[in-house]
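>>> Just need the structure, nothing else, for what follows:
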Amino acid sequence: MTTKEIALKWGVSVTWVTVLCKKGRIEGAIREGNRWYIPEDAKKPEDKRSCKNAPAKARFRFIDLFAGVGGFHQAMRYLGGECVMAAEINEECKKTYRLNYHTEEKEIRGDVREIDPTTIAPFDVLCAGFPCQPFSKAGAQRGFQDKTRGNLFYTIMDILDAHPEVKFVILENVRNLADKTENWDIITSELTQRNFYITEEPIILSPSDFGIPQIRERVYILGIRKDIRNEKILSNGFIHKTDLQLEKHFKKCKMGDAWTILEDNVDDTYIISQEQEQMIYAWDEFRIGTGLKVIGFPVWIDSFGVGIDDDNEVFHSQGYDDMPSWKQNFLRHNRKLYLDNRAFIDDWVKKYDMFSKIKLYKKFEWNCGTDVTDIHDCLIQIRQSGIRAKRPTFYPSLVAIVNTPIIWDKNKKHFRKITPREAANLQSFHGGFKFQGTDATQYKQLGNSVNVRILKILGESLFALANNGWDGELDGKAH
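Numbering: from 1, shown residues only. Okay, here's the model as predicted:
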């Protein structure tokens, strides 16, 4: 019998039968070309996609792939969803996930590549912040050519193949995914083949677009199954950004918004080291002492040519001729800065013994223009590229490494790092969310996470595109 004939006999979908054949779960099934044939007396395999733990009150059911510590879970739960399966390979993330969702969560599985899609309970919404390394600027940017991580997108497609009942897809990835047309073409083609209308182009959003003080651009890919769409809104094969009506949620960040996420009574352990604080003050003294209200370029001590009179000697020692033009420009600016303020800088370098300092203390960036005059009113970062002072409008993107923003604590009269709880506020995690593990682990988990508020907005906007105000009921015919 054909897959269509056996599906009709068993009262299931053709896709489900095909997946069972591929998994070798139907005895006697054979493949000829692109078609499967099943003995007419074959026994129907047990459907392991149990719904028994899903509560009756759930508006919809979802799965949470590459779940991290549950940013998607928070957003979908807020919208009335029940998670029937989560997958996360990192053990520390799984511990945090269980700590927060054990009362609702049936199970948290591991490597998504080792999950049999036919064992996942029926669900309506597929959520996945699939690994970003193949597309990130921090990596080789091999995209779908990456056979270890890039192909995890196709694992998501395998799950969709086994679950034709799925109504919505919500995917998240790094901003860089949108930079290569071939990546987007593959995503569009694969989801369109599976009967989904998806966003016409990558939707690039940052928490700062919604008044949340963090710059963190990410790509969001939304899909709705063609047959449940509102045809009056979606008529030409795609979801347009205007269809989502996101603009009603937009809100600009303003000066001082960075302070809105801060907590009271922070532990003293978050105060930075005495040496770090000294270096911040040293560079502030430099800024004031040179009389520069605006420093429009990174200051590099090693490019000053301290004590050297001949410009050519300085440039030659720095390898000027072999530098890219942007770096040559910085070198010229730094040399002029030194010559214009030579007496002050010579004394300053000696006072703080700057040439004995580690490399990151020898560089400084003032990114506040004239909007900020007091170093205590800045956001500070101490990075491998130096000490950076920024306007208190929004924080730089939280990343999956320990590179924590620093603020002035008026109560403690010291500079301190923002806490994991404050970092969680930047990701819109609710106040009752529980973390465990070291601070370094928590910062990393939050740096890898998604912004909950953005997903709430996108989920609500996507669901509103369904026909007749989608009620969240599963399709009985699909499982």
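
>>> Is there a neighbour count for residue 189? I'd like the number.
10 (other C-beta atoms under 10 Å). For glycine as for every other residue, the C-beta is placed from the backbone atoms N, C-alpha and C.

>>> Let me know the average pLDDT across the helix or strand containing it.
Residue 189 belongs to helix 181-193 when assigned by DSSP states H and E. Here helix 181-193 scores 87 as its mean pLDDT.

>>> what do you get for stretch 457-477?
Rounded mean pLDDT across stretch 457-477 is 73.

>>> For residue 300, give me phi and psi.
phi -120, psi 110 (degrees, to the nearest 10).

>>> Tell me which residues touch residue 256, please.
The neighbours of residue 256, taking C-beta atoms under 8 Å, 6 or more residues apart in numbering as the test, are 392-393.

>>> pretty sure residue 313 contacts residue 335?
No: the pair residue 313 / residue 335 is not scored as a contact, 10.9 Å apart, by C-beta atoms under 8 Å.

>>> wait, residue 456 sits on residue 77?
No: counting by C-beta under 8 Å, residue 456 does not reach residue 77; the two are 9.9 Å apart.

>>> Run through the helices of this protein in chain order.
Ranges of helices within the chain are 3-10, 14-22, 71-78, 91-101, 152-162, 181-193, 274-289, 311-317, 325-340, 342-351, 420-426, 439-447, 452-463, based on DSSP state H.

>>> of all the ones you listed, which lies closest to residue 391?
Nearest of these to residue 391, taken as C-beta to C-beta: helix 274-289 at 14.8 Å.

>>> name the helices or strands packed onto that closest one?
Judged by 3 or more C-beta pairs under 8 Å, 6 or more residues apart in numbering; DSSP states H and E, helix 274-289 is in contact with helix 342-351, strand 363-367, strand 379-383, strand 386-390, strand 414-417.

>>> and the angle for it with strand 386-390?
Here helix 274-289 runs at an angle of 60 degrees relative to strand 386-390 (axes from the mean of the first three to the mean of the last three C-alpha atoms, to 10 degrees).

>>> So what touches helix 274-289?
Residues outside helix 274-289 that contact it (C-beta under 8 Å, 6+ apart): 295, 299, 341, 344-345, 348, 352, 354, 357, 361, 364, 366, 375, 380, 382, 387, 389, 406, 414-415.

>>> So which bits of stretch 436-456 are buried?
For stretch 436-456, the neighbour count (16 or more other C-beta atoms under 10 Å) marks 439, 441-456 as buried.

>>> typo on my end, stretch 109-129
For stretch 109-129, burial by neighbour count (16+ other C-beta under 10 Å) applies to 109, 112, 115, 117-118, 120-129.

>>> Tell me the confidence at residue 70?
Residue 70 carries a pLDDT value of 91.

>>> ok, now residue 213?
pLDDT, residue 213: 94.

>>> Would you check how far apart it and residue 256 are?
9 Å (C-beta to C-beta, to the nearest Å).

>>> what's the overlap in contacts for these two?
residue 393.

>>> Point out where the stretch 201-350 of the chain drops to low pLDDT.
Scanning the stretch 201-350 of the chain with the threshold set as pLDDT under 70 gives 293-294.

>>> one more time with 90
The stretch 201-350 of the chain contains residues with pLDDT under 90 at 201-202, 231, 234-237, 263-265, 289-298, 300, 302-335.

>>> quick revisit: only whichever of the contacts of helix 274-289 are buried, select them in ChimeraX.
The buried residues among those can be selected in ChimeraX (16+ other C-beta under 10 Å) with this line:
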select :295,299,341,345,348,352,354,361,364,366,375,380,382,387,389,406,415
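
>>> what sits against the nearest residue to residue 301 once chain neighbours are set aside?
Using C-beta to C-beta, 6 or more residues apart in numbering and skipping the chain neighbours, the partner closest in space to residue 301 is residue 362 (4.3 Å). When contacts are counted by C-beta under 8 Å, 6+ apart, residue 362 touches 300-302, 354, 386.

>>> Residue 86 and residue 96 touch, don't they?
No: with contact defined as C-beta under 8 Å, residue 86 does not count as touching residue 96 (11.7 Å).

>>> Mutual contacts of the two, please.
The contact lists of residue 86 and residue 96 share residue 70, where a contact means C-beta under 8 Å, 6+ apart.

>>> Have a look at these two and say which one is more surrounded.
For residue 86 versus residue 96, the count of surrounding residues by other C-beta under 10 Å is larger for residue 86: 26 against 22.

>>> where does that one land on pLDDT?
In this model, residue 86 carries a pLDDT of 92.

>>> before we move on, back to that, what's the overlap in contacts for residue 456 and residue 77?
Common neighbours of residue 456 and residue 77 (C-beta under 8 Å, 6+ apart) do not exist.

>>> I appreciate the help and will end here.
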